[in-house]
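1. need a 3D model of the following:
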Amino acid sequence: MSRFEKYLDVYAQSHQNPTNILIHKFCVPAIMFSVLGLLKAIPVPETWPLWLDWSFFAILGALIFYASFKNLKIFILMVMFFLPQSLLLEYLRPRFFLLCLLIFIVAWIFQFIGHKIEGKKPSFLADLVFLLIGPIWVMKFLTDKRKSL
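-> Modelled structure (predicted):
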């Protein structure tokens, strides 16, 4: 079993309840969107191009992590996950900070409600890397009818 498959298996163990799964399908992308928006709101040097901000570095780091799985499908899925979010945030600039903060808070509340329903703690409490596994898990549901990558 690959490192990627191990991560997904562990993540899936605490995401079996249909209500929790549904909550995650919406809230994981919402949380990622809000985190990118909050990072984009942090000031950068004036000499940097408009598109270069802290969210760019977070996405770059995440994509390096996803590339470490050496699976082109995963990498492309995650580029497709981040690209529309980044474009939407650029479109909303500079009116997105409060929106992203609200989305972040509400989405996390729902995530914890989902885990209360599930009866299991969120995976990231054991290992923060699961914060990056959640988006892959969601994309798997959205793109693969067989529910595997």
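2. ok, the closest residue in space to F124 that isn't next to it in sequence to L101 distance?
-> Sequence neighbours aside, F130 is the residue nearest to F124 in space, at 4.2 Å (criterion: Cβ to Cβ, 6 or more residues apart in numbering). Glycine gets a C-beta too; all of them are placed from N, C-alpha and C. The gap separating F130 from L101 is 23 Å, by Cβ to Cβ, to the nearest Å.
3. do the same with I59
-> 19 Å.
4. so those two - more neighbours on which side?
-> I59 (20 against 14; other Cβ atoms under 10 Å).
5. quick check: the more buried one touching F82?
-> Yes: using Cβ atoms under 8 Å, I59 is in contact with F82, at 5.0 Å.
6. which neighbours do these two have in common?
-> L36 (Cβ atoms under 8 Å, 6 or more residues apart in numbering).
7. does the residue of the chain positioned farthest from its centre belong to a helix, a strand or coil?
-> Ranked by distance from the centre of the chain (Cα atoms, centre = their mean), the top residue is T47, with 29.2 Å. The three-state label given to T47 by DSSP: H, G, I helix; E, B strand; the rest coil is coil.
8. dihedrals phi and psi, it?
-> phi -80, psi -10 (degrees, to the nearest 10).
9. how many neighbours does E5 have?
-> E5: 12 surrounding residues under other Cβ under 10 Å.
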